[in-house]
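Student: Quick one, what's the 3D model for this:
(one chain, ligands or ions: 1)
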Amino acid sequence: MGLGDRMVSNGFQIPAGWTGRLGGLLMASGNAATERHIADLVPEVRSKDVLVLGPGPGIGVHALLARGASVVAVDPSPVMLAATLRRCRGLCEQGATLTLRTGTATSHGVGHGTVDVAVSVNNVMIWPDRVAGLTSIRQVLRPGGELLVSAHEKWLKPGLPDDCREAGFAVEQEWRWEPPGRGASTAVQLRARVASA
Ligand SMILES: C[S@@+](CC[C@H](N)C(=O)[O-])C[C@H]1O[C@@H](n2cnc3c(N)ncnc32)[C@H](O)[C@@H]1O
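Tutor: Numbering: from 1, shown residues only. Alright, predicted model coming up:
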């Protein structure tokens, strides 16, 4: 792996070391609007159990906790889990419920049928096996549970709705969203629900 690839990997894909801490700071500003936008789309969020995949520096987790959700956040990067904890510590001290897990979309240890809503912002593009990740997420959702995904359009491999269907979701909507601010990158977003048997 060349230096450039290593910087991208350690900075943004699975943030590690000082590059990861710098990547976390950049993501906390550059992706904040998208993270908050997706948190706003979670319906009747108070008291819901929400699974957040790849929270990075934790902007979306903070927004969900502030609105009364119970959150399980799963990320393979200890640097990002620490950043999420730092950001959310104040809310946790006031009684918010946050569980942090080291893991991935396919290996997270979350119990089947324990989650109302699963959220993934800017990480579905880097999962090694998208259908496997989506299938694993579908299994932890309760009947009627909902999936919300957002990803930078420029890095998203085509076929996300088809992959969701293959994983057992009914896709309700896919759309594009322009985050505010100069230079922000267009997002593809999707809402799906656990398909009834
Ligand atoms: C580009 S960052 C995005 C972080 C944040 N959601 C945002 O938009 O700013 C990708 C995040 O996904 C995590 N990640 C990488 N591979 C993952 C996987 N297979 N499953 C879940 N999360 C993963 C990374 O550690 C990192 O925190």
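Student: Need the per-residue pLDDT for residue 10.
Tutor: Predicted confidence (pLDDT) for residue 10: 86.
Student: buried residues in the lengthiest strand in the chain?
Tutor: In the chain, ranked by residue count with DSSP state E as the criterion, the top strand is strand 141-152. Of the residues in strand 141-152, those buried by neighbour count under the rule 16 or more other CB atoms under 10 Å are 141, 145, 146, 147, 148, 149, 150, 151, 152. In short, each C-beta sits where N, CA and C put it, glycine included.
Student: How about the residues of the protein by the ligand?
Tutor: Applying the criterion CB under 6 Å from any ligand atom, the portion of the chain that neighbours the ligand consists of 12-15, 27, 31, 35, 53-56, 75-77, 80, 104-105, 121-123, 126-127.
Student: what about the helices in this structure?
Tutor: Counting by DSSP state H, the chain forms helices over residues 3-8, 17-30, 32-41, 59-66, 78-93, 130-140, 160-166, given from the N-terminal end onward.
Student: export these to TSV and tack on mean neighbour count?
Tutor: What follows is the helices of the chain, written out as TSV (neighbours: other CB atoms under 10 Å):
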stretch	mean neighbour count
helix 3-8	11
helix 17-30	17
helix 32-41	20
helix 59-66	25
helix 78-93	17
helix 130-140	21
helix 160-166	18
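Student: looking at the ones you listed, which one has the lowest mean pLDDT?
Tutor: Mean pLDDT is lowest for helix 3-8 among the helices of the chain, at a mean of 82.
Student: which helices and strands sit right next to that helix?
Tutor: The helices and strands touching helix 3-8, judged by 3 or more CB pairs under 8 Å, 6 or more residues apart in numbering; DSSP states H and E, number zero.
Student: No further queries at this time; thank you.
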